[in-house]
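Student: could you work out the structure for the sequence below:
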Amino acid sequence: MNLFMALASLPLLVFGAVAVLSGWLVMRESIGTAIATGCLGAVVVIVLSVVCSLWWQLAMAAAVAGPSGVWQAIGRGLRVLLRRLGAVLVLVLLAMVVGITAAIVLVPLGIVAEVIMRDSLWGYVSSQIVMTIVQSVFSAVVTVVFAGALIALVRGEISTEEGRTA
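Tutor: Next up is the predicted model:
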C-alpha cells in the first residue's frame, strides 16, 4: 500500500503548485488573482484529499475483502468509490454523526470530572485516564464498525461484478 500512498500524495502536489502560482501572482502585484487562485486551489486540494482518503479506505477494504494484489485492490477501491459514492458518503456521514454525538456526551463528562476532581491530584489524574480510555475504546469501536461496513460494501460490489461476468 506504500505505492498507493505515493499516488494519494496528489493533493500535496496540487497544493505546492497552487502555492507557487499564488506566490508568483503576488510578486506580479496581482493580489486579487492570487487570493482567488489560493482559494480555488484550497477547494481543489480539500476535494482531492477527501477523494483520496475515501479511495485509500476502500482500497484497504478491497485488499481485505478478497484475494487480490495491491493494484487490483486500488482499482477495485476506485470502482467502488465511483459506483457507490452515495453509499460511501452515507457511511462517512454516519461515522461523523456518531463521533460528534460522542464528543457532545464525553466533553461535558470530562468537564464535570475536572471540576469535581480539581482539588485532588490523584483524582484528577485518574479521571483523565478513565476518560482517555473511554474515548479510545469508543473511537476504536467506531473505526472497526466503519471498516467492516466498507468491507461489506466492497464484498457486495465484488459479488455484483462476478454476477455480471458469469
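Student: what's the single longest helix in the protein?
Tutor: When the chain is parsed with DSSP state H, its longest helix is helix 121-165.
Student: now the residue at minimal distance from the centre of the chain: how far from residue 36?
Tutor: Geometric centre of the chain, nearest residue: residue 53, 5.2 Å, by Cα atoms, centre = their mean. The gap separating residue 53 from residue 36 is 26 Å, by Cβ to Cβ, to the nearest Å. Yep, even glycine has a C-beta here, placed from its N, CA and C like the rest.
Student: ok, now how distant is residue 20 from residue 35?
Tutor: Per Cβ to Cβ, residue 20 is found 15 Å from residue 35.
Student: coming back round to it: tell me the pLDDT at the residue nearest to the centre of the chain?
Tutor: For residue 53, the pLDDT comes out at 84.
Student: checking the spatially closest residue to residue 151 that is not a sequence neighbour next. Helix, strand or coil?
Tutor: Excluding the flanking residues, the one nearest residue 151 by Cβ to Cβ, 6 or more residues apart in numbering is residue 61, at 4.6 Å. Under DSSP: H, G, I helix; E, B strand; the rest coil, residue 61 falls in the helix class.
Student: what about residue 61, neighbour count?
Tutor: 25 (other Cβ atoms under 10 Å).
Student: touching, it and residue 146? I think so.
Tutor: No - the criterion here is Cβ atoms under 8 Å, and residue 61 misses it with residue 146 at 9.8 Å.
Student: so residue 74 makes contact with residue 59?
Tutor: Yes - with contact defined as Cβ under 8 Å, residue 74 and residue 59 form a contacting pair (4.9 Å).
Student: ok, these two, which is more surrounded?
Tutor: Taking other Cβ under 10 Å, residue 74 and residue 59 do not tie; residue 59 has more neighbours (28 against 23).
Student: which ones are touching the residue lying closest to the more buried one once chain neighbours are set aside?
Tutor: Spatial nearest neighbour of residue 59, excluding adjacent residues (Cβ to Cβ, 6+ apart): residue 77 at 3.3 Å. By Cβ atoms under 8 Å, 6 or more residues apart in numbering, the contact set of residue 77 is 55, 56, 57, 58, 59, 60, 61, 62, 154.
Student: kindly report the same for residue 103.
Tutor: Not one residue lies near residue 103 by Cβ under 8 Å, 6+ apart.
Student: which strand or helix spans it?
Tutor: Per DSSP states H and E, residue 103 falls inside helix 85-116.
Student: check residue 55 too.
Tutor: Going by DSSP H and E, residue 55 is part of helix 31-65.
Student: over to residue 22?
Tutor: helix 10-27.
Student: give the contact list for residue 155.
Tutor: So residue 155 contacts 65, 66 (Cβ under 8 Å, 6+ apart).
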